[in-house]
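got a sequence here, can you model it:
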Amino acid sequence: MNTYLQAAIDAAKAAGALIRENFMQPLQVNAAEAHDLKLELDVRAQDLITSSLLREFPNTNVLGEEGSTETKNPDGDWIVDPIDGTVNFFYGIPHFSVSIAFRRNQQIELGVIYDPIKDELWRTVRGEPAYLNDDIIRVSDRGSLSESIVSVGFSKTEPAIQLGLRILSVMITKARKCRMMGSAALDLAYVACGRFDAYIEQSVNLWDVAAGWLLVESAGGNVKTRQSPIDEKKIAIMASNGRVDLNWIG
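Numbering: from 1, shown residues only. So this is what the prediction gives:
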């Protein structure tokens with residue numbers, strides 16, 4: 001997996017440089033929905049990632065938020081979110097990331113998450129440690145929910161709001177603090193390196209969490225997933241350091 005990992009790192013950093021250059025600059029909006037944005041830059045960043053990965057590994061698929069490139073009998077799938085946290089990016093909030101994972105035989109084999117503003121790169125390969133830049137990382141050792149910081153994510157459809165508020169109302173009374181940061185990939189990266197103790201979201205796309213999922217597990221944490229109770233095309237995810245007591249709500 002080392003050559004795959006290096007390709008993912010190179011692609012994430014190249015996309016990150018493009019994104020950083022355009023931060024706080026005039027942007028073209030391709031689609032403006034009630035609670036979300038699609039930028040021309042999302043497409044450009046994914047195109048850059050796709051061309052970089054397929055140049056190295058032409059017999060692979062690229063499955064991403066901005067569309068997919070598929071081939072027959074692929075060696076595996078790249079799962080890509082070119083800008084996880086697009087709304088943050090658009091509003092000048094410096095909290096967003098590039099997320100790239102590689103999946104083979106329905107198993108995630110590597111994950112890379114890059115924060116281009118802080119120049120922080122998380123990486124891991126299945127069966128090996130997780131890293132933040134050059135340092136091995138571990139999840140936190142906090143065992144009590146009352147001492148923990150929990151990130152809760154939910155989209156703004158009516159069912160997601162109702163379920164998300166139920167989760168938030170439980171967590172906000174039991175945890176030390178709750179956060180809603182706007183980037184699922186970074187939420188998981190923060191769990192992996194001990195900044196957060198848990199992250200919960202009941203309806204999220206695979207490309208938002210694939211890389212972070214493996215990062216948390218590689219750093220000693222625990223990840224549970226199931227089909228989203230809100231949208232059958234999405235998943236619910238509950239990631240933690242494996243010590244705090246968490247159960248599905250809703």
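
what's in contact with stretch 237-250?
Contacts to stretch 237-250, defined as CB atoms under 8 Å, 6 or more residues apart in numbering, come from residues 139-145, 148, 150, 163, 166-167, 170, 188, 191, 194, 197-202, 204, 209, 212-213, 216, 220-226, 229, 236. The C-beta positions use only the backbone N, C-alpha and C, and glycine is treated the same way.

pull the longest helix from this protein.
Among the elements of type helix in the chain, defined by DSSP state H, the one spanning the most residues is helix 2-22.

can you list the strands that the one helix or strand Trp122 maps to pairs with?
Element membership of Trp122, judged by DSSP states H and E, is strand 120-125. Partners of strand 120-125 in the sheet, by DSSP bridges, are strand 107-115 (antiparallel), strand 130-132 (antiparallel).

looking at the last one now, give me its mean pLDDT.
Per-residue pLDDT values over strand 130-132 give a mean of 98.

from the chain's centroid, how far away is that strand?
Taking the mean of its C-alpha atoms, strand 130-132 sits 15 Å from the chain's own mean (CA atoms, centre = their mean, to the nearest Å).

returning to that earlier point: quick one: buried residues of the longest helix of the chain?
For helix 2-22, a neighbour-count test (16 or more other CB atoms under 10 Å) marks 4-5, 7-9, 11-16, 18-19, 22 as buried.

closest one of those to Ser155?
Ranking the buried residues of helix 2-22 by separation from Ser155, with CB to CB as the measure, puts Ile19 on top at 22.2 Å.

the closest one and Asp134, how far apart?
In this structure, Ile19 and Asp134 are separated by 22 Å, where distance is defined by CB to CB, to the nearest Å.

please list all residues in contact with Val216.
When contacts are counted by CB under 8 Å, 6+ apart, Val216 is found next to Val139, Leu188, Val191, Ala192, Asn222, Val223, Ala239.

count of neighbours near the fifth one?
Burial of Asn222, expressed as a neighbour count using other CB atoms under 10 Å, amounts to 17.

which residue is the nearest non-sequential neighbour of it?
On the basis of CB to CB, 6 or more residues apart in numbering, the spatially nearest residue to Asn222 that is not a chain neighbour turns out to be Gly242, at 3.8 Å.

now do the SS call for the one you found.
coil (DSSP: H, G, I helix; E, B strand; the rest coil).

and it, how many neighbours?
19.

same check on Pro159?
Counted with other CB under 10 Å, the burial measure for Pro159 works out to 16 neighbours.

who are the contact partners of it?
Contact criterion CB under 8 Å, 6+ apart gives Ile230 as the residues in contact with Pro159.

buried residues, the helix or strand it falls within. List them.
Secondary-structure assignment from DSSP H and E places Pro159 in helix 158-174. By neighbour count with 16+ other CB under 10 Å, helix 158-174 contains the buried residues Pro159, Ala160, Leu163, Gly164, Ile167, Leu168, Val170, Met171, Lys174.
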